[in-house]
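A structural model of the following input is requested.
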Amino acid sequence: MAGLELLFHSVAADLSCPQDALVCYLHWTLITRGYRCLGAGDQPGSGERKSEMLPAGWSADKELYTLRYRLKDDSRDLLLKAIMMDGSIILNVMDPKSQKVADLTLKVADYVNPQHLADFDRVYLSTDELQTRITHHILSPFEATKERAPTKEEPKRERNPSPPNPPDHDPLWIPPRPPQGTRQPPWRDPMGPFAVGGEDLDPFGGRSGGMLMDPLHSRFRNPVIDPSSGLPSNLPPGSVPPGARFDPFGPPGAGRGGPGPDHLPPPNYDDMFM
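Sure, this is the predicted structure:
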């Protein structure tokens, strides 16, 4: 606590209440952290200079203390206001440039002995705790927000960057068209295990493998399945439009004649008693 005793004795005549001694201790803490006092009040006066001493009239108002500070390198200013309320002192510190604010409330009786205001050795109580709270709540918030020069971050590189889109890439076509010269034929493998049902999902009929029957085989000549199978007579002309998907009424070949003469007769067919 070097320097606090000299500061205390330099303003001993102004210490008339416990909060005076507490503000004196706060001023000493700011001095040890590189700040210098510019003066009292909100507005700067003429001929001000940075000083380690408390300015004249600093304790004129026992309910409101206002002091202005600046770092030795002129990189930051602080405006300190200490307000007394119900035995506690509310410390409010603001950086006028950034408008950042820090505050701390202390119960004066916990850190100052009012019975020994003139005795430096016994006036302050719990100085380690007081020092820690002032540093943490009043000074550290400003020291942690020092301006840093902006650095240009390098873009992250992907391990497996995707190649650029080919010249004929069409984002509206799904899937994308292959590059020129590598186009695949439009037909599909009829034996492909995933081709089943593809015809039903293709409204333009460009694929094969549908689940619905096309008994007329409209894409081929000479249909081999009669849509009238299962009916006593043929369907009227135009009942099944060309190319329509149509399920016959019965199994294929239901309208064909009986067995040919070369088929095997049933057993004992010539027995009159059967």
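
ok, and what's touching the helix or strand hosting D128?
In the assignment (DSSP states H and E), D128 maps to helix 127-134. For helix 127-134, contacts defined as Cβ atoms under 8 Å, 6 or more residues apart in numbering pick out M1, Y25, L26, T29, L91, L104, L106, Y111, Y124. C-betas here are computed from N, CA, C, even on glycine.

what's the next secondary structure element after that helix?
helix 140-143.

And that following helix, what's buried?
By 16 or more other Cβ atoms under 10 Å, the buried positions in helix 140-143 come out as F142.

and it, what other elements does it pack with?
If you count contacts as 3 or more Cβ pairs under 8 Å, 6 or more residues apart in numbering; DSSP states H and E, helix 140-143 packs onto no helix or strand.

average pLDDT for it?
Mean pLDDT, computed over helix 140-143, is 88.

What count of nearby residues applies to L91?
Residues within reach of L91, counting by other Cβ atoms under 10 Å, total 21.

I figured it hits M85, correct?
No: applying Cβ atoms under 8 Å as the test, L91 and M85 come out as separate, 11.5 Å apart.

Am I right that I89 is in a strand?
Yes: using DSSP: H, G, I helix; E, B strand; the rest coil, the assignment for I89 is a strand.

any idea of the pLDDT on it?
So, for I89, pLDDT stands at 96.

residues touching the closest residue in space to G3 that isn't next to it in sequence, list them.
Spatially, and ignoring its direct neighbours in sequence, G3 is nearest to W28 (6.5 Å; Cβ to Cβ, 6 or more residues apart in numbering). Contacts for W28 (Cβ under 8 Å, 6+ apart) come out as G3, L4, L7.

tell me which element W28 is part of?
helix 18-32.

hmm, who's touching stretch 79-88?
Residues contacting stretch 79-88 (Cβ under 8 Å, 6+ apart): 19, 22-23, 26, 30, 42, 62-69, 89-96, 105-109.

Swap in 10 Å and give it another go.
Contacts to stretch 79-88, defined as Cβ atoms under 10 Å, 6 or more residues apart in numbering, come from residues 17-19, 22-23, 26-27, 30, 35, 37-38, 41-42, 61-69, 89-96, 101, 103-110, 138.
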